[in-house]
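A.B. asks: only geometry, no sequence info:
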C-alpha cells in the first residue's frame, strides 16, 4: 500500500529574506522515508506541482510536511510545518482527503498567532487496481516525483505553469529500468536505504567536514533544483537529451578512431595522491572499458543509484575541435548530509589513451557548491591494461585507479580537505569494487600462482650457435673492407715486380718509398688491429655463452625465481650502433648472471634464474645491465633498477616491464621485461623458526604475534601479507622536539609511528639501508636514557627523511631514538636484526669482538628492569606505618600528595608523567626534579624512571627506580638504583622497606666514599618522604 502526496502550491508565505521574498521548498517525512521538492526562487506564493509516494506498513505513523526557505550561505530558515496522521487518510472516503488548503504551524517555542501561510495538498492512498494515475514513468529509482495530476488537468494558461511543464518534459529519464514493482502490482520502485559509505566521488569530497555523520538520502528527483538550472539553459535540455541518445551508437566508432590515432604512446603514470583500486578481472581490457564508460552500459547508472545520486545526466562522447582526445561531461546531484545540502557535481572524463589493448581515462570532478569547493578539483585516473594469461586460457585485465587533489588557489583548509577526501575516496571505491565484482569476476591469487609453472615452462632460451655468433661479429663493414684490402694487396704483390734496394733497405726489409706508401701502411696496420680485436672478442664471446640460466635453487624457505624475457631500447656504446648486454640480478648478497647477447639493442633472453632458499623474505632485488667488453675491461653500466618487494604487490610482478635508471638508460628509455615469483616452501613454520633464531641473538623470548596484530601492522605501513611483526617499543623520536611514538621491528623493516592530537608521523626504511648504528650517552633531554643513532647509506631511505634528526655532510640521514623503557632489549633486538639482514660475515665478527671488549653503557638492562638485578643493593630504610597502604601509595600517584612529599624531601620543580601500562600489572612513568640547596649545594637535576608492579603475593607493591644525576660532581660516573617494597599489614597498617645501590659506569678511586655519601643523604630524604 502506497501513500501519494501531491504538493501543489502554497500561498501567503512569510518573507524570510532581506529582499522581502523567500526561496521556499517542501520537505516530507514518513518514518525513515524522506522527500523534498525543488526550490522556487523569490516567491511568496510558490507553485510546485510534484507528487511523492511513500511505502506504508503501519497506519500509526504521521506524515510531517515542512516548508523551509533556502539560504545559500547559512542554514535554511524554517517557515512552518504540519503533521497528518496516516489513519486519517485511510479512514477518509475513497481513502483520499482531496485537494485541501492546510495552515502551516510554527515550532513549539514560537508564538502561534503569526500567520505562516497555507499549503495546498492532495493526499490519498494508491492500491492495486486503483483508478488514480500517478503518471510517474521515467522517475528516478531513488525518488518518486512526477507531474501533479491536478496540474495536468489545468489549462496551463499562465507562463509559470508552461515553464514548469516544459522543464519536466525536457529532463531525460534517469534510469531505463521500469519504475514499478511487478510482484505487488505497485507502480513505484521500492525505496532503498543508503549507508554513509556509499557516496559518489564528489559526494565523499563534500563530506570532508562531517565524514562521521549519518547520510540523509533525498528521494525527490527534483532535489536538483536546489541548484536551479538557469532560465536560458532550460530550452536546451531537449537538445542535450537527443545528443546523448545518438552518442551511444558511435562509442565503438570513437574507440576505433582513438586506436587509429594512437602512435604507441606510453600509459600515463599513476597520480601522486595514491592508488585507490588495483584489481585483476577475468575480462578483456576492451570489454572492461565498455563496461565502465560505454553509454550502453548499465554499470554507471547502477553505481549512481547505489550512491544516492540524483538527476544523473551523461552527455555524449565527442571530439573537441582541434583536440584529438575523446571527452564527455557527467553531471549529477550529490545526496545531502546533515550539515551539507545536496550539491551539483560535474565530472569531465577524457580519454588519454585507447589503443584497443590499454585504456586511460582522466576524470576531473568539480563541486563548487560545497564548502571551499571553488578552491580545488579532484582528479581520478582509470588505467586498464592487459593482465596475465590465466590457466583457463581466458583473458584478464588490470584496473588501477589513482587520484590527486588539484588546488586552484591556496586555502588554510588544504590539509583537512585532502585528508578527508583521501578517506572518503577509499571508502567510496571499496563499494565501487564490490559493485563491479557482482558483474565481473575478479582474478583470484591462486589462479596466478597455478600459472607460474605454465609461464616458466613456456620460456625457452635460444642457444646461440658458433656460426650464428660468427655472423653477428664478422658480418660488418670493418670485416668486409679488411677482406677487400687484403685481396687487393695480394693481387698487387702478384702483379708487381720486386723493387730495387735503396736507402736504408736491405734484403728482407722493404720500407715505404713515399709519404703515400707510409699512409697506406698505417691504414693497413690499423685495419689489421681492428680485425684482431674482433677475433679476440669473438673467442671470448664463444667462451662466455653460458649463464646461470637453469641453475636450480637449493634448500627450503623463501624461493625467488626471476624470468628475464627481453630488453628494449638498450643504450648503444659501440661504434657499430649496438651493444653486448648482459644482466646481473643481486638479492641478499647472492648474484645471478644472464648470458651475453652480442650486437643487440633489444635482446631476447627467455632465461630463468632461481636463488637459493632464504630464511627470511627478501627486501629488494637489484637489477643492473652491463655492456660486455672483455673479461679484463671494466664493464659499462647500461642502467640499473631496484625491485622493492615491500612496496610492490608480488602478484603485480608476475609480468612487468621495469624502466632502467641511469643517464644512458633514461636517455634511451631502456627497460626490461621480467616475471618475478616469490614462494615460501616452508609454509607457516618459517616465522617460528626465524623468531627462534632471533631469540638466541637477543637473549630474550620473542612471542609470536597474533594474525590480527600482524594484519594491523601490515595495514599501518602498507606492507605485503608475508611481513610479520617481531617486536615493538615505546620511545621518542628526536627531531627539533622529541616525538613520542612506537618503534616497530620486523624481519625486513624498522618503522616508527606516532599520533599526537591527530597529527600522524609514519615512516619506515629497510635494514639493508642502514650503514651504522651507534649508541650515544644519555643526556638531560633523553631523560637519562642512551640514544640509538641510526645512519643510513647515502641516497637510501629518502621516503623517511621527514623523520631524520640530521643529515651529515655527505647527505646521509641520521635518526635518533631515545627514552626506551627497556633500552637493553630494544638495542639488542635492533642489533640482531641489523646483523642478520645487512652485515657481511666479516662485519659480524668485528661487531662481536667490539661488544666483548666494551661494556654496555649507563643504563644497560639485565633482568626485569634497567639492570637493577646487577646492582649490589642493601636495605637503607624501613618503617612500619599505621596508615593504610592506599595512603602510602598516594606518594607515587603523581598528584598533590606526591608533589608535597617530594618537596618535604628537598625536591623542587617536581614533575612526572602518567603511569603507562607496559605489560600485565606493570606500569611505568618518568620523573624530573631539582635538589634543594639544603640537600645539595650544587642544586643538581635528576631524571628517573619508575616501574610499579604488585608483589608476588598480591599483598603490596614493588616500585623500582633508576635515577640519573646531572650537574653534580661525578654525576656521569654512576646511576642510583632504588627499590621500594610496600607490604600491606591489614589492620596494623603497612610496612615500607627501601633498598638502594650505586651502579658505577666509570671507575674512580673514591667509589666507597661517594657511595656512602649518596646512600646516607638518600636515607635522610626517605625519612621526610614517608613522614605521616
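C.D. replies: Noted; the coordinates are in hand. The model shown is predicted, which means the values in this text are computed figures rather than measured ones. Numbering: from 1, shown residues only.

A.B. asks: if I look at residue 564, how far off is residue 643?
C.D. replies: 12 Å (CB to CB, to the nearest Å). C-beta coordinates here come from the backbone N, C-alpha and C atoms, glycine included.

A.B. asks: overlap in contacts of these two?
C.D. replies: residue 674 (CB atoms under 8 Å, 6 or more residues apart in numbering).

A.B. asks: Looking at those two, which one has more neighbours?
C.D. replies: Counted by other CB atoms under 10 Å, residue 564 and residue 643 do not tie: residue 564 has more neighbours, with 28 against 20.

A.B. asks: next SSE after the helix or strand where the more buried one lies?
C.D. replies: Per DSSP states H and E: residue 564 is located in strand 558-568. Next in sequence after strand 558-568, counting helices and strands by DSSP H and E, comes strand 581-587.

A.B. asks: okay, the angle between that following strand and strand 558-568?
C.D. replies: For strand 581-587 against strand 558-568, the angle by axes from the mean of the first three to the mean of the last three CA atoms, to 10 degrees is 160 degrees.

A.B. asks: what about strand 581-587, average pLDDT?
C.D. replies: For strand 581-587, mean pLDDT is 89.

A.B. asks: roughly how far out does the helix or strand hosting residue 909 sit from the chain middle?
C.D. replies: Per DSSP H and E, residue 909 falls inside strand 907-912. Counting by CA atoms, centre = their mean, to the nearest Å, strand 907-912 is centred 44 Å from the centre of its parent chain.

A.B. asks: quick one: the helices in the stretch 701-850 of the chain?
C.D. replies: With DSSP state H, counting those that start in this stretch as the criterion, the stretch 701-850 of the chain has helices at 707-717, 823-838, 841-853.

A.B. asks: The helix or strand just after the last one pairs with which strands, parallel or anti?
C.D. replies: Next in sequence after helix 841-853, counting helices and strands by DSSP H and E, comes strand 874-881. Strand pairing for strand 874-881, determined by DSSP bridges: strand 990-1000 (antiparallel).

A.B. asks: Any buried residues in the partner strand, and which?
C.D. replies: Within strand 990-1000, the residues that count as buried by 16 or more other CB atoms under 10 Å are 990-999.

A.B. asks: Same check on stretch 353-364?
C.D. replies: In stretch 353-364, counting by 16+ other CB under 10 Å, buried: 353-355, 358-363.

A.B. asks: quick revisit: ok, and what's touching the next helix-or-strand element following the strand holding residue 909?
C.D. replies: Per DSSP H and E, the first helix or strand lying C-terminal to strand 907-912 is strand 916-919. Under the criterion CB under 8 Å, 6+ apart, residues 730, 821-822, 923-925, 947 lie in contact with strand 916-919.

A.B. asks: Give me the subset of those that lies in strands.
C.D. replies: 730, 923-925, 947 (DSSP state E).

A.B. asks: Out of the buried residues of stretch 353-364, which two sit at the greatest distance?
C.D. replies: Maximum pairwise distance in these, criterion CB to CB, is 19.6 Å, between 355 and 363.

A.B. asks: ok, back up a step: gap between the strand holding residue 564 and the chain center?
C.D. replies: How far strand 558-568 lies from its chain's middle: 27 Å, per CA atoms, centre = their mean.

A.B. asks: Where does the prediction get shaky in the stretch 851-1000 of the chain?
C.D. replies: 851-870, 937-938 (pLDDT under 70).

A.B. asks: low pLDDT regions in the stretch 151-300 of the chain?
C.D. replies: Within the stretch 151-300 of the chain, the ranges that satisfy pLDDT under 70 run 151-249.

A.B. asks: Could you check which helix or strand contains residue 504?
C.D. replies: Going by DSSP H and E, residue 504 is not part of any helix or strand.

A.B. asks: Chain neighbours aside, what residue packs nearest to it?
C.D. replies: The shortest distance from residue 504 to any non-neighbouring residue, by CB to CB, 6 or more residues apart in numbering, is to residue 511 (6.5 Å).

A.B. asks: dump the residue contacts of the one you found.
C.D. replies: Neighbours of residue 511 in contact, by CB under 8 Å, 6+ apart: 503-505.

A.B. asks: tell me which element it falls in.
C.D. replies: Counting by DSSP H and E, residue 511 is part of no helix or strand.

A.B. asks: that older thread, could you spell out the sheet neighbours of the strand holding residue 909, each with its direction?
C.D. replies: In the sheet, strand 907-912 lines up against strand 922-931 (antiparallel) (DSSP bridges).

A.B. asks: okay, now residue 50: neighbour count?
C.D. replies: 28.

A.B. asks: distance of it from residue 255?
C.D. replies: To residue 255, residue 50 is 40 Å away according to CB to CB.

A.B. asks: and the gap between residue 470 and residue 476?
C.D. replies: 12 Å.

A.B. asks: still on that earlier bit, now for the strand holding residue 564, which elements pack on it?
C.D. replies: helix 445-457, strand 581-587, strand 604-614, strand 620-627, strand 671-680 (3 or more CB pairs under 8 Å, 6 or more residues apart in numbering; DSSP states H and E).

A.B. asks: Show me what residue 636 is bridged to.
C.D. replies: Residue 636 forms beta bridges with residue 627, as assigned by DSSP bridges.

A.B. asks: To clarify, my last question referred to residue 33.
C.D. replies: Beta-bridge partners for residue 33, by DSSP bridges, are residue 30.

A.B. asks: Quick one, grab the pLDDT at it.
C.D. replies: So residue 33 comes in at 90 (pLDDT).

A.B. asks: Just send the contacts of residue 511 back as CSV, with distance to residue 792 too.
C.D. replies: Shown next, in CSV, are the contacts of residue 511 (distance: CB to CB, whole Å):
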residue, distance to residue 792
503, 72
504, 69
505, 71
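
A.B. asks: Out of these, who's the most crowded?
C.D. replies: Neighbour count (other CB under 10 Å) singles out residue 505 as the most crowded of the contacts of residue 511, with 13 neighbours.

A.B. asks: which residues touch that one?
C.D. replies: Residue 505 makes contacts with residue 511, as judged by CB under 8 Å, 6+ apart.
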